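Participant: Predicted structure and sequence below. I'll ask about it afterward.
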Amino acid sequence: MDDQNKNLILATALSFLVILVWFVLFPPPEPDTPLVTEAPQAETTTTGAEATVPTTAGTPSATADAPVATDPVETAARVPLETPRLTGSISLLGGRIDDLALKDYKVSLDEGSDIVKMLSPVGEAGAYYALYGWAAGAGLTPDDVPGPNTIWQAEPGATLGPDTPITLTWENGTGLSFDRTIAIDDNYMFTVTQTVTNTGDAQVALAPYSVLARHGLPEDVTGIWVVHEGAVQFAQGEYLETDWNDFDTYSERDVEAGQEARWAGFTDHYWQTVLIAPQNDTTRVETFHDATRDIYQTTAKQDTKTVAAGASASVTSQVFAGAKEWETIRNYQSNGIEKFIDSIDWGWFFFLTKPIFWLLHELNKLIGNMGWSIIGLTLIIKAVLFPLAYKSYVSMAKMKELQPQMEKLKESAGEDKQKLQQGMMELYKKEKVNPAAGCLPILLQIPIFFSLYKVIFVTIELRHAPWFGPFSDLSAPDPTSIMNLFGLLPFAGPEPGSIVALIFIGILPLLLGISMWLQQKLNPAPTDPTQQMIFAWMPWVFMFMLGSFASGLVVYWIANNVITFTQQYLIMRSQGYKPDLMGNIRGSFKKRTQSDSK
């Protein structure tokens, strides 16, 4: 076997192995069965260094009395919330942000599908909400400060919107009055300003806090580690992740060791809710899981405020609750939320994933169609790699020209492998040919392929992104099937993601296999029987392996194959070597016929 074939088979085997491992590690996601949890029956407290922070989970602190929470008050009034992108309401029970839906996103592409529900109140399956309040410090008891079950007052007829913030009020009856002003922008950012006024005779100490609580796991958890789901935070200059199954339990958590964080919260595949601390205030964050009641919680406690008699204190923080849109999150980062763009999981190849997504995003803004944008992205990537591809294909053409001389070397060397190797190296040096040049473009495609897979699977911009005809979601597998002749027969194909769908593949995987097969036919079949078998099966194995991947990724692979085929054919022609495409195709069928007749 000559060096050219050795390098080619090595690159092919490596690519095949990487794709196989990727397919095993990252199978197409299947939604887990949602966990149905009971609503909590009691609210308890945890003790900080200077003030006691109410929590939705756990057992009473040894040093503070736990406020007894009643069941959710069904008759508690609500303040409507309406923006161009959100709809929902704020509960006056604890002033909870606990009812939120995203107008721009539907659960599925089915006609009449509901919009995505982001937050839900206690009492509903999968309750998910944000709480704000003050923790009692020196001179106060938990009853003196507003807690999770405090009934706030709001102006009658108030509606929360981008231009209409609301103010909630509560008085403890012993000299402290509390105001909470909630504002919202045109996207997904709430701004909460908490104010306490001390009309009493004595100084008091209390600490503002915010809590995110989630009852059970989300319904649409993917369960695969190609995308992070769980807790996220940016603390002390470092971005940190915690998977759902890696949370500390309530008893394991270390309150005093809670990290100072700029932002922290929970992230799903496409959505996230994140508490954002004031920029010039110290905020300590702790995240834990109460396994007994299956509640995940992130608590952010700010500096304790000492309020003299006749004085007041206020603090402003934020909470993001919405879709992980790249442009929206980037704008928030530009306005001062450090590293917020990293809340989108860019993966190990972030240095490729981020620019690839940026380019795809800009192409989509220009073209207006994600499918054609992926093809445009492929053209640009191939253009950037063209110098390497040119050297590779020129080297391959020269290797073809050297075949007669290499055959003579083999004959003269006989069984002397060292003599043959020396002769071939001298020949390569004389003709300025690099036999390994053909491997580099193939190897460079591997991290690009992985990065594009990450972009297509993780970013919400690809969710439900249509191309044309039946391809209405480029983040999902090809919906067509050979079973019904790709929609020509009057019955539905198999369920996408099923074993049957994997066998009865769609049109895109079929085109992928054909494009790989045609690309092979630019070169004669190798003489070695083992190589012949690998080359013969490789396109069709890839076809079935990638059939269940996101259709956007298959579109990229097909476009890449077509462009590679065209580049290779034209470059090799320019070097005086004319690939015998039709002859190689006929030759493969003749060999197969002769093999069958034997």
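Facilitator: On my side now, so go ahead.

Participant: Now the residue of the chain positioned farthest from its centre: phi and psi?
Facilitator: The centre of the chain is farthest from one residue, residue 412, which by Cα atoms, centre = their mean lies 58.6 Å away. As for residue 412, its main-chain torsions (degrees, to the nearest 10) stand at phi -70, psi -30.

Participant: Residue 172 versus that one, what's the distance?
Facilitator: Per Cβ to Cβ, to the nearest Å, residue 412 is found 101 Å from residue 172. Any C-beta I mention is one placed from the backbone N, CA and C, and that applies to glycine too.

Participant: so where's this structure uncertain?
Facilitator: 1-75, 253-259, 400, 434-442, 497, 524-529, 531, 580, 584, 587-598 (pLDDT under 70).

Participant: Specify the residue ranges that define each domain of the protein.
Facilitator: 3-23+354-597, 44-340 (automatic domain parsing).

Participant: what about the longest one, distance to the chain center?
Facilitator: In terms of Cα atoms, centre = their mean, to the nearest Å, the centre of domain 44-340 is set 23 Å apart from its chain centre.

Participant: and if you look at stretch 414-431?
Facilitator: With Cα atoms, centre = their mean as the basis, stretch 414-431 stands 51 Å off its chain's centre.

Participant: Show me what counts as buried in that stretch.
Facilitator: Neighbour-count burial for stretch 414-431 flags 420, 423, 424, 428 (criterion: 16 or more other Cβ atoms under 10 Å).

Participant: Same check on stretch 309-325?
Facilitator: Within stretch 309-325, the residues scored as buried using 16+ other Cβ under 10 Å are 313, 315, 317, 318, 319, 320, 321, 322, 323, 324, 325.

Participant: Where does the second one fall, secondary structure wise?
Facilitator: Taking DSSP states H and E as the definition, one finds residue 315 inside strand 312-323.

Participant: Let me see the contact set for residue 214.
Facilitator: 126, 127, 128, 266, 295, 296, 297 (Cβ atoms under 8 Å, 6 or more residues apart in numbering).

Participant: wait, I meant residue 364
Facilitator: With contact taken as Cβ under 8 Å, 6+ apart, residue 364 is in contact with 370, 373, 461.

Participant: Which of the residues you listed fall in helices?
Facilitator: 370, 373 (DSSP state H).

Participant: Show me how far the helix or strand harbouring residue 356 is from its chain's centre.
Facilitator: According to DSSP H and E, residue 356 maps onto helix 350-367. Helix 350-367 sits 15 Å away from the centroid of its parent chain (Cα atoms, centre = their mean).

Participant: burial count for residue 329?
Facilitator: Neighbours of residue 329 under the rule other Cβ atoms under 10 Å: 23.

Participant: residue contacts, it?
Facilitator: Residue 329 touches 340, 341, 343, 344, counting by Cβ under 8 Å, 6+ apart.

Participant: Considering those residues, which possesses the most neighbours?
Facilitator: Neighbour counts for the contacts of residue 329 peak at residue 344, which has 25 neighbours (criterion: other Cβ under 10 Å).

Participant: Name all residues that make contact with it.
Facilitator: Here residue 344 is in contact with 324, 326, 329, 458, 459 (Cβ under 8 Å, 6+ apart).

Participant: before we move on, what about residue 165?
Facilitator: Applying Cβ under 8 Å, 6+ apart, we find residue 165 in contact with 181, 182, 183, 184.

Participant: any idea how far residue 551 is from the closest residue to the last one other than its chain neighbours?
Facilitator: In this case it means residue 184. Spatially, and ignoring its direct neighbours in sequence, residue 184 is nearest to residue 190 (5.2 Å; Cβ to Cβ, 6 or more residues apart in numbering). Distance of residue 190 to residue 551, computed by Cβ to Cβ: 36 Å.

Participant: And the two? Which one has more around it.
Facilitator: Between residue 190 and residue 551, residue 551 has the larger neighbour count (other Cβ under 10 Å), namely 30 against 24.

Participant: That one and residue 374: what is the separation?
Facilitator: Distance, residue 551 to residue 374, by Cβ to Cβ: 10 Å.

Participant: Ok, which of the domains of the chain comes nearest residue 348?
Facilitator: The minimum distance between residue 348 and those falls on domain 3-23+354-597, with 8.3 Å, by Cβ to Cβ.

Participant: next one: that closest one to chain centre, how far?
Facilitator: The answer for domain 3-23+354-597 is 26 Å, by Cα atoms, centre = their mean.

Participant: Report the contact partners of the residue most central in space within the chain.
Facilitator: Centroid-nearest residue in the chain, with Cα atoms, centre = their mean: residue 458, separated by 2.7 Å. Residues counted as contacts of residue 458 (Cβ under 8 Å, 6+ apart) are 226, 227, 269, 344, 345, 346, 347.

Participant: okay, those in CSV with secondary structure and distance to residue 248 next?
Facilitator: Formatted as CSV, the contacts of residue 458 follow (DSSP: H, G, I helix; E, B strand; the rest coil; distance: Cβ to Cβ, whole Å):
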residue, secondary structure, distance to residue 248
226, coil, 25
227, coil, 22
269, coil, 23
344, coil, 25
345, coil, 21
346, coil, 26
347, coil, 25
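
Participant: Filter these down to just the buried residues.
Facilitator: Going by neighbour count (16+ other Cβ under 10 Å), the contacts of residue 458 have 226, 227, 269, 344, 345, 346, 347 buried.

Participant: returning to what we had before: identify the neighbouring strands of the strand holding residue 315 in the sheet and state each direction.
Facilitator: strand 189-198 (antiparallel), strand 271-276 (antiparallel) (DSSP bridges).

Participant: Show me which of the contacts of residue 458 is closest to residue 120.
Facilitator: Using Cβ to Cβ, these come closest to residue 120 at residue 269, 17.5 Å.

Participant: Relative to residue 463, how far out is the closest one?
Facilitator: 9 Å.

Participant: Which parts of the stretch 201-350 of the chain are helices?
Facilitator: Using DSSP state H, counting those that start in this stretch, the helices found in the stretch 201-350 of the chain span residues 326-334, 350-367.

Participant: Please report the distance of the residue nearest to residue 494 when sequence neighbours are not counted from residue 467.
Facilitator: Nearest residue to residue 494 in three dimensions, chain neighbours excluded: residue 500, at 3.8 Å (Cβ to Cβ, 6+ apart). The gap separating residue 500 from residue 467 is 24 Å, by Cβ to Cβ.
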